[in-house]
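Novice: Predicted model and sequence follow; I will ask about them next.
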Amino acid sequence: MNDPASFGLDLPSVRLELTTSLDECLATVIQAAECRRPMVVASTRAMDSRQGRVVARAVVALPHARFHQVRPHPDMGLAAEGARVGRAAGADGIVVIGGGSAIDLAKGIAMAMQGISLPALARAVQPGNPAAPPLVPVIAIPTTLSGAEAIPRTGLIDAEGHKRILRHPQIAARSIILDPVGNLGTPPSVMLPSGMNALAHCLEALYSRRRDPVSSALALAALPRLHGGLTAILKSDDQAARAQALTGAFLAGRAIINARTGLHHATCHVLGARGVSHGVANAILLPHALRFNARVSAGLLDSAAAVLELKTEGDSPRVLAQAVDRLREAAGLPGQLRAVGIGRDQLGAIAAQVLQEPGMAFNPGPALAQGDVVAFLESCY
C-alpha cells in the first residue's frame with residue numbers, strides 16, 4: 001500500500017444514470033432537478049445528432065433558452081455571453097450535450113450567471129474562503145470521455161490567452177446521463193483522443209502528491225474499463241464498448257477531484273491555450289510523462305499495470321508508457337509535438353508557463369526547474 005499518512009476527501013454529490021432510453025431518463029432527471037426553465041448548451045452539430053433531438057424534445061414544452069456557440073478551448077468572454085442569455089431567459093438549470101469543451105463552457109456559464117466576473121468569482125471561492133454562491137444545476141450528457149462533467153472545476157481561456165482553472169463546490173454536473181446507444185454517433189476518431197485524457201486522469205491520480213485511497217480505488221476501477229472499452233471501439237465498436245468507456249471516464253474524472261493532476265496535465269493546459277486539442281495533447285504527452293516521472297512514481301504505478309494485466313519486469317512506468325503508445329498508434333494519433341505545429345523555439349516559453357500551473361504542486365518528486373520541464377518537452381518533441 002502507498003496510502004498517505006493523512007488525507008481529506010471532498011466528493012460532490014451526483015446523480016449518475018447509464019441508460020439505453022435517453023428520452024425517458026432525461027425527462028425524469030429534468031423533473032427531479034426541478035428545472036422548469038432550462039437552458040440548453042450544445043453546438044449546432046450536437047443538436048443535429050440523435051441525442052440532440054432527444055434534448056430538443058425534452059425541453060420543447062418548457063420555457064427554455066439555447067446557446068449554441070460552443071467551440072474548442074472556450075474563453076471567459078464566451079461564458080459571460082452565455083450567462084447573459086441564461087439570465088435573460090430566467091434559466092434555472094443547464095442541460096449540456098457535448099464533450100469537454102461544451103461541458104466546461106456550461107460550467108463556466110453557471111458560474112458567470114452569478115453576475116460576478118469570472119476572475120472575481122474564482123478568487124471568492126478559493127480553498128479556505130467559504131464564500132461560494134449557489135449555482136444553477138448542470139445536467140450533462142457527455143459525448144466524449146473527457147470526464148469534465150464529474151469534476152468541480154472548469155478550464156477557460158482568460159483575456160491574456162492563458163487557460164485558467166476555476167473551482168466551485170457546486171460546479172460539477174449535478175446529474176450525469178451516460179447514453180452508450182446515442183454515443184455510437186460520436187466517431188472513434190473523437191472518442192480515442194478523449195480516452196487518452198481519461199487514461200491520464202487515472203495514472204496521474206495514482207502518483208499525485210494528493211493521492212488518497214478513495215481516488216486510487218476510483219482510478220484502478222476506471223483503468224481496465226477505459227483500456228478495454230477503447231480497444232473494443234477500435235476493433236468492433238458497439239454499445240457495450242461505449243458503455244464500458246463512458247463508465248471508465250466518469251470514474252477517472254472522480255479520481256482527480258481530490259488526487260489532482262501534475263506535470264502532464266499542466267502541460268496539456270498550456271498547449272491548449274496555443275490551440276492544441278486537449279485529447280491530442282494527452283496522446284502525445286502521456287507516454288513521455290510516464291517515463292519522465294518514472295524515478296519517483298514506479299512503486300505507485302505497479303497497481304495500474306496489475307489491473308491491466310501487464311508484465312512489468314520491475315518497471316511499471318515504462319511498461320505502461322508502451323501500452324499507451326500502442327493504443328495511440330492503433331488510433332492513428334500523433335506522438336510528437338512537432339506534428340501539431342509546436343516549434344522547438346517555443347519550448348522555453350511553454351516550460352515557463354507550465355511552471356506557473358497550479359497542478360505542478362502535485363507532481364511527484366522534487367519541485368521541477370525550467371530546465372527540467374524543457375527537457376521533458378524535448379523528449380516529447
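Specialist: Great, that's in hand.
Novice: Buried residues of the strand or helix carrying M191, list them for me.
Specialist: Assigned by DSSP states H and E, M191 falls within helix 188-207. Residues of helix 188-207 classed as buried: 191-207 (neighbour count, 16 or more other CB atoms under 10 Å). To be clear about C-beta, it is placed using only N, CA and C from the backbone, and glycine gets the same treatment.
Novice: Kindly report the same for stretch 355-372.
Specialist: Result for stretch 355-372 [16+ other CB under 10 Å]: buried residues L355, E357, G359, M360, F362, N363, P364, L368, D372.
Novice: ok so the third one is a strand residue?
Specialist: No - when the secondary structure is assigned by DSSP: H, G, I helix; E, B strand; the rest coil, G359 falls in helix instead of a strand.
Novice: related to what we said a few turns ago, angle of the helix or strand just after the helix holding M191 against helix 188-207?
Specialist: Going down the chain from helix 188-207, the next helix or strand is helix 213-236, by DSSP H and E. Helix 213-236 and helix 188-207 are oriented at 160 degrees to each other (axes from the mean of the first three to the mean of the last three CA atoms, to 10 degrees).
Novice: What's the first helix or strand after helix 213-236?
Specialist: With secondary structure assigned by DSSP H and E, helix 213-236 is succeeded by helix 239-258.
Novice: Please point out which parts of that next one sit buried.
Specialist: In helix 239-258, the ones that count as buried by 16+ other CB under 10 Å are 241-258.
Novice: now do stretch 95-115
Specialist: Buried, per 16+ other CB under 10 Å, within stretch 95-115: 95-114.
Novice: Narrow the residues you listed to those in strands?
Specialist: Using DSSP state E, the members of those that fall within strands are V95, V96, I97, G98.
Novice: out of these, who's nearest A32?
Specialist: V95 (12.9 Å; CB to CB).
Novice: so that closest one touches P38, yeah?
Specialist: Yes - applying CB atoms under 8 Å, one finds V95 in contact with P38, separated by 5.1 Å.
Novice: any common contacting residues for those two?
Specialist: I30, V59, I139 (CB atoms under 8 Å, 6 or more residues apart in numbering).
Novice: pLDDT on the one helix or strand the last one maps to, on average?
Specialist: When secondary structure is defined using DSSP H and E, the element that contains I139 is strand 138-142. Looking at strand 138-142 alone, the average pLDDT works out to 98.
Novice: Partner strands of that strand, with direction?
Specialist: Here strand 138-142 is paired, per DSSP bridges, with strand 93-98 (parallel), strand 175-178 (parallel).
Novice: how far is it from where the chain is centred?
Specialist: Relative to its chain's centre, strand 138-142 lies at 13 Å (CA atoms, centre = their mean, to the nearest Å).
Novice: That one: what's the following helix or strand?
Specialist: strand 153-157.
Novice: Show me what the next helix or strand after that following strand is packed up against.
Specialist: Using DSSP H and E, the next helix or strand after strand 153-157 towards the C-terminus is strand 163-167. Identification of packing neighbours for strand 163-167 by 3 or more CB pairs under 8 Å, 6 or more residues apart in numbering; DSSP states H and E yields helix 118-124, strand 153-157, helix 263-273.
Novice: And this protein, what are its domain boundaries?
Specialist: Listed by automatic domain parsing, the domain ranges of the chain are 15-182, 187-380.
Novice: for those, which one sits closest to F7?
Specialist: That would be, of those and by CB to CB, domain 187-380, which comes in at 3.9 Å.
Novice: okay, how far is it across the closest one, tip to tip?
Specialist: Chord length of domain 187-380, first to last residue, is 27 Å (CA to CA, to the nearest Å).
Novice: what distance separates it from the middle of the whole chain?
Specialist: 11 Å.
Novice: Kindly provide the whole-number mean pLDDT of it.
Specialist: Averaging pLDDT residue by residue across domain 187-380 gives 96.
Novice: Serialize the domains of the chain to JSON lines and add fields for distance to S6.
Specialist: Output for the domains of the chain, formatted as JSON lines (distance: least, CB to CB, whole Å):
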{"stretch": "domain 15-182", "distance to S6": "17"}
{"stretch": "domain 187-380", "distance to S6": "9"}
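Novice: Go through these and name the closest to D3.
Specialist: Proximity to D3 (CB to CB) singles out domain 187-380 among the domains of the chain, at 5.0 Å.
Novice: What's the separation between the residue lying farthest from the centre of the chain and R37?
Specialist: Distance from the centre of the chain peaks at A61, with 32.1 Å (CA atoms, centre = their mean). Counting by CB to CB, to the nearest Å, the gap from A61 to R37 is 12 Å.
Novice: quick revisit: closest to P4 out of the domains of the chain?
Specialist: Using CB to CB, the nearest of the domains of the chain to P4 is domain 187-380, at 6.4 Å.
Novice: Make TSV out of the strands paired with strand 138-142 and add distance to L166 and mean pLDDT.
Specialist: Formatted as TSV, those follow (distance: least, CB to CB, whole Å; pLDDT from 0 to 100):
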stretch	distance to L166	mean pLDDT
strand 93-98	16	98
strand 175-178	20	98
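Novice: For the ones you listed, give me CSV that also has distance to V324.
Specialist: As requested, the strands paired with strand 138-142 are exported to CSV (distance: least, CB to CB, whole Å):
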stretch, distance to V324
strand 93-98, 25
strand 175-178, 24
